[in-house]
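Chemist: Give me the fold of what follows.
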Amino acid sequence: MPLKELGEKTLITKGTLTGVVDRLTDKKLVRRIASPSDGRSQIVQLTKRGETLFERIFPAHLAHLERAFVELAADDLGRLETLLHRLREALVTAHSRIGQAQ
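Modeler: Model prediction:
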């Protein structure tokens, strides 16, 4: 995934994301590769080691989330999802405004 898109999807600032990707690179979980379409852009890609870890950890993470949310009624989950989407949109908009002002 392009570094810029990864930042947008995770709502992590560029500076923080760079540090996170640096640490994951040091652990050989991801690698940076040049974008074939934009020489100024980088793509972050899981290594085989990163894929193996993701395949092992992510199902456990999903199971944890299911256990955490089992107590909420379906309509509560729907409202929560709607509100979280609105919060994300507000944060993206605010981030975009800050970027335009600089």
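Chemist: contacts, neighbours, all on C-alpha from now
Modeler: Noted.
Chemist: Relative to the whole chain's centre, how far out is the longest helix anywhere in the chain?
Modeler: Assignment by DSSP state H gives helix 74-101 as the longest helix of the chain. When C-alpha coordinates are averaged (C-alpha atoms, centre = their mean, to the nearest Å), helix 74-101 and its chain have centres 15 Å apart.
Chemist: Equivalent analysis for stretch 25-32, please.
Modeler: Using C-alpha atoms, centre = their mean, the distance from the centre of stretch 25-32 to the centre of the chain it belongs to is 16 Å.
Chemist: List the buried residues of that stretch.
Modeler: By neighbour count with 16 or more other C-alpha atoms under 10 Å, stretch 25-32 contains the buried residues Thr25, Leu29, Val30, Arg31, Arg32.
Chemist: measure the fourth one to Lys48 for me?
Modeler: The one in question is Arg31. 10 Å (C-alpha to C-alpha, to the nearest Å).
Chemist: Which residue of this protein lies farthest from its centroid?
Modeler: Ala73 (26.7 Å; C-alpha atoms, centre = their mean).
Chemist: Redo the buried residues of stretch 25-32 as JSON lines? Include pLDDT.
Modeler: Output for the buried residues of stretch 25-32, formatted as JSON lines (pLDDT from 0 to 100):
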{"residue": "Thr25", "pLDDT": "97"}
{"residue": "Leu29", "pLDDT": "98"}
{"residue": "Val30", "pLDDT": "97"}
{"residue": "Arg31", "pLDDT": "96"}
{"residue": "Arg32", "pLDDT": "94"}
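Chemist: Noted, bye for now.
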